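**Q** coords below, sequence missing:
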């Protein structure tokens, strides 16, 4: 049975012993609208799209490129947190996340350079 068929029919996937949710009734446009309580949806979608598009010549390079986008997503979300909360503890952790994720991005880009690849 193909993955496409399983994805097209959640009930069939359940019958085949596959676990999963039926997302067909979800309102994705509504979920993407930022709110005061959850301003992260556009950033999350951007990260998801960038991770899905990231690819390299082999599994190692692809992993590096996907992780760079993952870390960039963490930076974006942390910047949103800094903009949208006055909570001192959250702000401190968000800034620590920005700093650590930017270091990770630099390390991963250095790995790409070491492989003779273009930075991302």
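**A** Sure, I can see it. All of these numbers come straight from a predicted model, not from anything done at the bench.
**Q** Output the lowest mean pLDDT helix or strand found in the chain.
**A** Counting by mean pLDDT, DSSP states H and E, the chain has its least confident helix or strand at helix 3-8, which shows a mean of 44.
**Q** Now do the contacts for the residue nearest to residue 102 when sequence neighbours are not counted.
**A** Closest residue to residue 102 apart from its sequence neighbours, by Cβ to Cβ, 6 or more residues apart in numbering: residue 75 at 6.4 Å. Every residue, glycine included, has its C-beta placed from N, CA and C. Contacts for residue 75 (Cβ atoms under 8 Å, 6 or more residues apart in numbering) come out as 97-98, 101-102, 105.
**Q** Among those, name the ones in strands.
**A** The strands, defined by DSSP state E, take in nothing from the contacts of residue 75.
**Q** can you put those residues in JSON lines and add distance to residue 71?
**A** Putting those into JSON lines (distance: Cβ to Cβ, whole Å) gives the following:
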{"residue": "97", "distance to residue 71": "10"}
{"residue": "98", "distance to residue 71": "10"}
{"residue": "101", "distance to residue 71": "4"}
{"residue": "102", "distance to residue 71": "8"}
{"residue": "105", "distance to residue 71": "5"}
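**Q** Ends of stretch 48-61, what's the gap?
**A** One end of stretch 48-61 sits 18 Å from the other (Cα to Cα, to the nearest Å).
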